[in-house]
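A.B. asks: Below are the sequence and a predicted model; questions follow.
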Amino acid sequence: MDDFEKELKLGFLDEAAAAVADVEQSFLTLEIAPEDQSTIDKIFRLAHNLKGSSKAVGFEQMGAFTHQFESLLLMLKNKEIRATPPVVNLLLRCNDHLAKWVESLRGDLNYQVDSQQLFEEIEKAKSGNLAEQPNPLEVGIENSDDDIDPEDIALIN
């Protein structure tokens with residue numbers, strides 16, 4: 001990779017990081033006002049710009065991911081699906097995925113990431129089959145304090 005190509009990629013990553021951080025507030029707004037078309041439009045523009053720019057500088061894998069992300073947002077924009085809590089949660093996770101990806105690429109311009117799970121969830125959301133994701137703080141908290149076995153406490157200590 002020559003210096004010009006490296007400079008283009010690093011410039012893109014700076015802009016992408018700023019865009020991903022800037023749009024994060026839009027996802028929080030979407031949670032409160034899921035029908036706010038201007039918020040959906042702003043998030044859509046982010047995905048659309050990232051898709052084109054990432055492909056232009058040679059980040060094909062990111063371009064493929066943002067293409068799928070954009071297609072989900074287009075369905076929201078066209079009111080083919082609604083911004084339900086599971087969909088907004090997925091959008092937030094996609095944005096977090098992009099933020100981490102951009103940061104990783106800053107350290108290694110050849111960094112590869114596995115987006116398969118998010119691809120599958122995007123497809124489920126597009127078909128209306130996206131289930132609510134469990135709250136990680138609640139997973140495994142099925143027993144009350146009365147159900148704790150004293151032997152388990154001894155193992156912890």
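C.D. replies: The structure has been received and is ready for your questions. Model, not experiment: these values are computed from the prediction. Numbers count the residues shown, from 1 in each chain.
A.B. asks: For the residue minimising distance to the centre of the chain, give its distance to residue 131.
C.D. replies: Nearest residue to the geometric centre of the chain (C-alpha atoms, centre = their mean): residue 94, 0.8 Å. According to C-beta to C-beta, to the nearest Å, residue 94 and residue 131 sit 16 Å apart. All C-beta atoms are positioned from the backbone trio N, CA, C, and that covers glycine.
A.B. asks: Also residue 77?
C.D. replies: 23 Å.
A.B. asks: same deal with residue 38?
C.D. replies: 29 Å.
A.B. asks: and what of residue 81?
C.D. replies: Counting by C-beta to C-beta, the gap from residue 81 to residue 131 is 14 Å.
A.B. asks: Counting neighbours, go ahead and name the busier of those two.
C.D. replies: Remark: of residue 81 and residue 131, residue 81 carries more neighbours, 18 against 8, as counted by other C-beta atoms under 10 Å.
A.B. asks: circling back: dump the residue contacts of the residue nearest to the centre of the chain.
C.D. replies: By C-beta atoms under 8 Å, 6 or more residues apart in numbering, the contact set of residue 94 is 69, 118, 122.
A.B. asks: Likewise for residue 104?
C.D. replies: Here residue 104 is in contact with 111, 113 (C-beta under 8 Å, 6+ apart).
A.B. asks: Any idea how far apart the tips of stretch 29-38 sit?
C.D. replies: 10 Å (C-alpha to C-alpha, to the nearest Å).
A.B. asks: So for it, mean pLDDT?
C.D. replies: Taken as a whole, stretch 29-38 carries a mean pLDDT of 91.
A.B. asks: Sort out which residues of it are buried, please.
C.D. replies: Judged by neighbour count using 16 or more other C-beta atoms under 10 Å, the buried positions of stretch 29-38 are 29, 30, 34.
A.B. asks: which of those lies closest to residue 73?
C.D. replies: residue 30 (10.5 Å; C-beta to C-beta).
A.B. asks: Just say helix, strand or coil for the closest one.
C.D. replies: On the three-state scheme (DSSP: H, G, I helix; E, B strand; the rest coil), residue 30 is labelled helix.
A.B. asks: Please enumerate the helices of the protein.
C.D. replies: 3-32, 37-56, 60-77, 85-107, 116-126, 150-156 (DSSP state H).
A.B. asks: The fourth one vs helix 116-126, what angle?
C.D. replies: To tie it back to what came earlier, the one meant is helix 85-107. Helix 85-107 and helix 116-126 are oriented at 150 degrees to each other (axes from the mean of the first three to the mean of the last three C-alpha atoms, to 10 degrees).
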